[in-house]
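**Q** Here is the input, now give the coordinates:
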Amino acid sequence: MSVNCFRCGAAVPEGARFCASCGTQATDPHEATVLLETEDPEALLNRVRMVLAGEYDVERELARGGMGVIFKATEVGLRRSVALKVLPPELGFSVKAAERFKREARMVAELDHPNIIPVYRIGQLGGIFFIAMKFIEGRSLGLLLDTQGALPVPVALQVLRGATRALAYAHDRHIVHRDIKGANILIDRDGRVMVSDFGVALRSSDVNLTADGTVIGTPPFMSPEQCSGKRAGPQSDQYSLGIVGFQLLTGSVPFQADTIAGMMHHHFFTPVPDVRQARDDVPDVLAEALNRVLQKDPAARFGTTRDMLAALEAIPFSEADRRDSERVLSQLVQGGSIAKMATRPLSPLPDLLTAPLTPAKARKLKPALWAGVVVTGVLLLGFGVARLASRGNNATAGLAPSPAPPAAQANGPPESARADSIRATPKLRAASPVTGKLRLLTSPPGAEILIDGRHVGVGSVFDLPLAAGPRQLEVRAPGYGTFDTTVVVEVGGTLSLGRITLRGHEPQP
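**A** Next up, the predicted model:
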């Protein structure tokens, strides 16, 4: 069996615990590397060549993604270069996967925009579904940023405008990309910007092929609502593009963590720094546009992506700026370089584990122990697309801006100090007006969350509407001690409790 590291794509020998290339843990399903069984690349290439012979001359494999393998090929009849995306049975062929693949192809084929890579043909031969797309001579923005780092403001603005035009066009047709990142923004040899890989795109009316509770996207670029497994919308793409904008101007994404759970924690709770902390030449209007799309609450972002585009196009940008930006991008694509941009380091991210939880009224804290939140599921190799299995929840999607919260200190105070904080259990309350919100994560990720004895979610709640005042919070899971306390929800406020971690029951003697 051949397996690959999710993080770097290097081959990982069977039984190995760590990837020899990047050092990522490879055997723990709770960690950020997940293995995908693959056919020998040469054997797969030969089989695709055989099946598609007469239609396409397949040259070489270009990349692998969650929904297929990309090959460079030449269309025999027209003698034009194409990028072939194929879904062979070994990469997850099933009726549902094939249905999704064809759905994706038909949907993307409808998109005809200069900033979106066009689709030429959709077909099925010898058990292989394929999409023939225009082959772009160029490089991904992700690779350019890895090599060059932060870019000049006009160049960053040129990229953001091109990508936003593409998304606005798609959103006008009710199509959401759901995986915007540097790797899916291509720059051709003339410096033109094109959005690629609508491979996890979703039409807003499509409710059958992606279940609620399935997390789709790439963790460093995912919106809070995507992290929660909620349905992505145009504002989700805005957030992801805002992360790309931050990376364009600072040279790095705003959030780094050792695990996917830690990354998601930052998206839920940690405000994205203002890019002006890193450099002085960012126009206020550009920084404010990025700050807006990077709000935790989707409703606080732009109402439409056309509005976002209008904000970016209102920033002064001359024809000379456009030509110079395309020249710089073309130079970088062809292997050149420019002077490095001077940036200041950003403040360290808050510690995810050490800050204590201090609810206004503590009912009782049953035994618990610190641990990182674990996201159980499968990451699909390639393009950084992550599909994290989740049971979903009934909480309302969307997060409101708030200061970085403490993680929940489930151990509680010593018994001598705890007595004064114990309170009687509140009675179940009748429905009352919604005046505040609650957000939290749990470990284990399948823990049930109850408010006033009512089930409200599994694994997480995000901006759950609650009536103001004291609320009984209970987090429980089979085989674990129960976290049971009283929290106070303030009028118009958002109570962020961070991560609540349960301790497994100790075996009885």
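**Q** now for whichever strand or helix holds S496, which elements pack on it?
**A** Take DSSP states H and E as the rule and S496 turns out to sit in strand 494-501. Strand 494-501 sits against helix 260-269, strand 436-443, strand 483-489, with contacts defined as 3 or more C-beta pairs under 8 Å, 6 or more residues apart in numbering; DSSP states H and E. All C-beta atoms are positioned from the backbone trio N, CA, C, and that covers glycine.
**Q** how close does the nearest residue to G54 once chain neighbours are set aside get to L125?
**A** Take G54 and drop its neighbours on the chain: the residue closest to it by C-beta to C-beta, 6 or more residues apart in numbering is V76, 6.4 Å away. For V76, the distance to L125 equals 13 Å [C-beta to C-beta, to the nearest Å].
**Q** overlap in contacts of those two?
**A** Residues touching both V76 and L125 comprise E55, with contact defined as C-beta atoms under 8 Å, 6 or more residues apart in numbering.
**Q** domains for the protein, by residue range?
**A** The chain breaks down by automatic domain parsing into domains covering 39-134, 138-333, 361-501.
**Q** Pick out the shakiest of these, pLDDT-wise.
**A** Lowest mean pLDDT within these: domain 361-501, at a mean of 57.
**Q** who touches the residue nearest to G54 in this structure?
**A** Neighbours of V76 in contact, by C-beta under 8 Å, 6+ apart: 54-57.
**Q** Mind giving me the ChimeraX select for these, buried ones only?
**A** Buried members of the contacts of V76, identified by 16 or more other C-beta atoms under 10 Å, are gathered into one ChimeraX selection as follows:
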select :55,56
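**Q** and of the contacts of V76, the nearest to V193?
**A** Using C-beta to C-beta, Y56 is the member of these that sits closest to V193, with 27.3 Å.
**Q** where exactly do the strands run in the stretch 101-250 of the chain?
**A** 119-125, 128-134, 138-140, 175-176, 185-188, 193-195, 202-203, 215-217 (DSSP state E, counting those that start in this stretch).
**Q** Dump these into a markdown table; add distance to R64 as well.
**A** Output for the strands of the stretch 101-250 of the chain, formatted as a markdown table (distance: least, C-beta to C-beta, whole Å):
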| stretch | distance to R64 |
| --- | --- |
| strand 119-125 | 19 |
| strand 128-134 | 15 |
| strand 138-140 | 14 |
| strand 175-176 | 23 |
| strand 185-188 | 17 |
| strand 193-195 | 19 |
| strand 202-203 | 21 |
| strand 215-217 | 17 |
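**Q** Of all those strands, which one is nearest K437?
**A** Of all the strands of the stretch 101-250 of the chain, strand 215-217 comes closest under C-beta to C-beta, at 21.0 Å.
**Q** Which one of the helices and strands packed on strand 494-501 lies nearest to A278?
**A** helix 260-269 (17.0 Å).
**Q** what packs against that closest one?
**A** helix 224-227, strand 436-443, strand 494-501.
**Q** Number of residues surrounding G453?
**A** When counting by other C-beta atoms under 10 Å, one arrives at 12 neighbours for G453.
**Q** Same question for K340.
**A** By the criterion of other C-beta under 10 Å, K340 has 10 neighbours.
**Q** quick one: contacts for it?
**A** Here K340 is in contact with 148-150 (C-beta under 8 Å, 6+ apart).
**Q** And for I136?
**A** I136 neighbours (C-beta under 8 Å, 6+ apart): 83, 117, 186, 188, 194, 196.
**Q** how close does it sit to R476?
**A** Taking C-beta to C-beta, one finds I136 at 52 Å from R476.
**Q** for V159, same thing?
**A** Using C-beta to C-beta, one gets 47 Å for the distance from V159 to R476.
**Q** who's more crowded, the two?
**A** More crowded of V159 and R476, by other C-beta under 10 Å: V159, with 25 against 16.
**Q** I'd assumed V193 was in contact with that one.
**A** Yes: using C-beta atoms under 8 Å, V159 is in contact with V193, at 5.4 Å.
**Q** which neighbours do those two share?
**A** Residues touching both V159 and V193 by C-beta under 8 Å, 6+ apart: 141, 185, 187, 329.
**Q** most neighbours per residue, which of the domains of the chain?
**A** Stretch with highest mean neighbour count among the domains of the chain: domain 138-333 (a mean of 20; mean count of other C-beta atoms under 10 Å).
**Q** mind checking the end-to-end distance for that domain?
**A** One end of domain 138-333 to the other measures 6 Å (C-alpha to C-alpha, to the nearest Å).
**Q** returning to what we had before: let's have the helices and strands packed on helix 260-269 in a markdown table, adding distance to T304.
**A** Below are the helices and strands packed on helix 260-269 laid out as a markdown table (distance: least, C-beta to C-beta, whole Å):
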| stretch | distance to T304 |
| --- | --- |
| helix 224-227 | 17 |
| strand 436-443 | 24 |
| strand 494-501 | 25 |
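**Q** P350: which of the ones you listed is closest?
**A** Judging those by C-beta to C-beta, what sits closest to P350 is strand 494-501, at 9.8 Å.
**Q** and the closest one, which strands flank it?
**A** Next to strand 494-501 in the sheet, as set by DSSP bridges, lie strand 436-443 (parallel).
**Q** Go ahead and confirm V461 touches K437.
**A** No: V461 is not in contact with K437 according to C-beta under 8 Å; the separation is 9.1 Å.
**Q** export stretch 257-273 as CSV, just CAs?
**A** The C-alpha trace of stretch 257-273 is given here as CSV (Å, rounded to 0.1, in the frame of the first residue of the first chain):
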residue,chain,number,x,y,z
ALA,A,257,-1.2,26.2,15.1
ASP,A,258,0.3,22.7,15.5
THR,A,259,-3.1,21.0,14.9
ILE,A,260,-6.2,21.6,12.9
ALA,A,261,-8.1,21.9,16.2
GLY,A,262,-5.8,24.8,17.2
MET,A,263,-6.2,26.5,13.9
MET,A,264,-10.0,26.2,14.1
HIS,A,265,-9.9,27.6,17.7
HIS,A,266,-8.2,30.8,16.3
HIS,A,267,-10.8,31.2,13.6
PHE,A,268,-13.5,30.9,16.2
PHE,A,269,-12.1,33.1,18.9
THR,A,270,-9.0,35.1,18.0
PRO,A,271,-9.4,38.4,16.1
VAL,A,272,-7.3,38.7,13.0
PRO,A,273,-4.6,41.4,13.5
